[in-house]
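> generate a structure from the sequence data that follows.
(one chain, ligands or ions: 2)
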Amino acid sequence: MREVELPPMLVLGFESSCDETGVALYDRERGLVAHALHSQVAMHQEYGGVVPELASRDHVRRVIPLLRKVLDDSGCTFADIGAVAYTQGPGLAGALLVGAAFAESLATSLGVPTVPVHHLEGHLLSPLLSSSPPQFPFVALLVSGGHTQLMRVSGVGEYQLLGETLDDAAGEAFDKTAKLLGLAYPGGPALSALAEQGRPDAVSLPRPMLNSGDLMFSFSGLKTAVLTQVRALEGDGQVLTPQNRADIARGFQDAIVDVLVKKSLRALKDSGLSALVVAGGVGANRELRRQLNARAERRGFSVYYPELEFCTDNGAMIALAGALRLAQGASAKPAGSFAVRPRWPLAEI
Ligand code: KG4
Ligand code: ZN
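Numbers count the residues shown, from 1 in each chain. Ligands and ions are numbered 1, 2, ... in the order given. Next up is the predicted model:
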């Protein structure tokens with residue numbers, strides 16, 4: 001990381017953009033002090049996906065108990081907090097509003113500034129929470145439920161988009177395909193577990209845009225290809241066997257991982273950089289990690305992942321991004337007025 005002279009400051013961070021409520025305290029000198037998370041997965045499961053209104057209401061219920069836990073665990077008090085960071089977007093409008101309104105109110109009562117944070121910047125910077133963090137500059141592969149992007153990250157706030165998906169994000173493709181195979185929400189982890197039982201090459205699926213000559217992705221065709229496979233197998237009224245489903249999951253995962261790995265290698269080559277950071281929920285995928293680690297060893301580049309608990313949404317990455325932004329002296333604002341940004345391209349920050 002770049003050397004910066006940092007005044008000590010404890011930053012409280014809130015994440016509430018989707019279906020996880022996250023609260024964390026990050027100290028510029030000591031690093032992550034405490035964090036707490038509540039996942040709404042169990043609540044949304046019976047609906048097969050996130051129900052936005054339920055998500056907002058649950059954030060309201062969880063945020064204060066999580067904050068209490070973080071303060072108790074850390075031994076800090078409100079008086080120690082120097083600034084409050086929160087996810088301003090992108091995400092579900094109602095869910096974002098809960099976190100933003102709470103963070104702004106708390107900061108107003110404490111008389112400290114707020115730092116609105118871009119959710120994807122949180123993901124991009126999350127590997128810096130680990131004990132051996134990457135150095136700038138690096139290539140970041142951002143693979144979450146809503147985004148698939150390759151970025152050149154030259155420093156905090158210095159992000160250049162190299163390529164992105166034209167349609168479905170990688171996580172979205174995992175989730176939709178999982179649904180097709182009858183797996184519970186959220187489908188990514190379940191599909192990836194099922195794929196471990198699948199046989200290699202039993203089901204071969206297309207690698208969309210693998211040879212497009214650029215760093216763009218397209219994943220919506222993959223779920224159609226899976227549907228075609230399912231229909232072909234079910235053609236004469238047969239029910240898919242567990243092995244059929246596992247083979248399809250394997251074929252799907254192999255296709256998506258192949259594209260993500262090859263495009264990441266291309267981004268490293270084109271940019272001349274030798275460090276790759278993988279961030280976002282799909283970064284938890286074991287096969288993706290296996291493949292990237294193998295290539296890194298062979299080709300001599302370094303690959304960094306956030307700790308597993310910081311791959312998916314969490315408050316720690318927001319507190320960290322807030323603290324790093326504050327260190328630049330730019331993004332803090334007086335607490336009070338705010339607006340959330342449900343749609344907010346990272347390039348606009
Ligand atoms: O970053 P994230 O928590 O939320 C967004 O900002 O979107 O990513 C969630 C996405 C979901 O689509 C989920 O299915 C996917 O990450 N995911 C995985 C795995 N764990 C989470 N996809 C594939 N394999 C996994 N192990
Ligand atoms: Zn996320």
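
> just the buried residues of the longest helix anywhere in the chain, please?
Counting by DSSP state H, the longest helix found in the chain is helix 242-271. For helix 242-271, the buried set under the neighbour-count rule, 16 or more other C-beta atoms under 10 Å, comprises 244-261, 263-268, 271. Quick note: C-beta positions are derived from backbone N, CA and C, even for glycine.

> before we move on, what about stretch 181-200?
So, applying 16+ other C-beta under 10 Å, buried residues of stretch 181-200: 181, 183, 185-192, 194-195, 198.

> redo those as JSON lines? Include pLDDT.
Output for these, formatted as JSON lines (pLDDT from 0 to 100):
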{"residue": "181", "pLDDT": "93"}
{"residue": "183", "pLDDT": "93"}
{"residue": "185", "pLDDT": "86"}
{"residue": "186", "pLDDT": "85"}
{"residue": "187", "pLDDT": "92"}
{"residue": "188", "pLDDT": "95"}
{"residue": "189", "pLDDT": "95"}
{"residue": "190", "pLDDT": "96"}
{"residue": "191", "pLDDT": "97"}
{"residue": "192", "pLDDT": "97"}
{"residue": "194", "pLDDT": "98"}
{"residue": "195", "pLDDT": "98"}
{"residue": "198", "pLDDT": "98"}
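
> mind telling me the two of these farthest from one another?
Greatest spatial distance in these: 185 and 198, 20.6 Å, computed using C-beta to C-beta.

> can you tell me how far the residue nearest to the spatial centre of the chain sits from residue 144?
By C-alpha atoms, centre = their mean, the chain has its centre lying nearest to residue 280, at 2.5 Å. Counting by C-beta to C-beta, to the nearest Å, the gap from residue 280 to residue 144 is 3 Å.

> quick check: neighbours shared by those two?
Applying C-beta atoms under 8 Å, 6 or more residues apart in numbering, one finds that residue 280 and residue 144 are jointly contacted by 123, 171.

> which bits of the stretch 201-349 of the chain sit near ligand 1?
Residues of the stretch 201-349 of the chain lying close to ligand 1 by C-beta under 6 Å from any ligand atom are 280-282, 284-285, 312-313.

> just those residues now: which is nearest ligand 2?
Lowest distance from ligand 2 to those (C-beta to the ion) belongs to residue 313, with 4.4 Å.

> I'd like the distance between the closest residue to that closest one other than its chain neighbours and residue 267.
The shortest distance from residue 313 to any non-neighbouring residue, by C-beta to C-beta, 6 or more residues apart in numbering, is to residue 20 (4.2 Å). Distance, residue 20 to residue 267, using C-beta to C-beta: 28 Å.

> how about the helices of the stretch 151-300 of the chain, start to end?
Counting by DSSP state H, counting those that start in this stretch, the stretch 151-300 of the chain has helices at residues 170-180, 187-195, 220-234, 242-271, 286-299.

> tabulate these (CSV), appending distance to residue 308.
Output for the helices of the stretch 151-300 of the chain, formatted as CSV (distance: least, C-beta to C-beta, whole Å):
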stretch, distance to residue 308
helix 170-180, 15
helix 187-195, 11
helix 220-234, 25
helix 242-271, 17
helix 286-299, 10
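
> so residue 287 sits right up against residue 198, yeah?
No. Checked against C-beta atoms under 8 Å, the pair residue 287 and residue 198 is beyond contact range at 10.6 Å.

> who touches both of those two?
Common contacts of residue 287 and residue 198 (C-beta under 8 Å, 6+ apart): residue 253.
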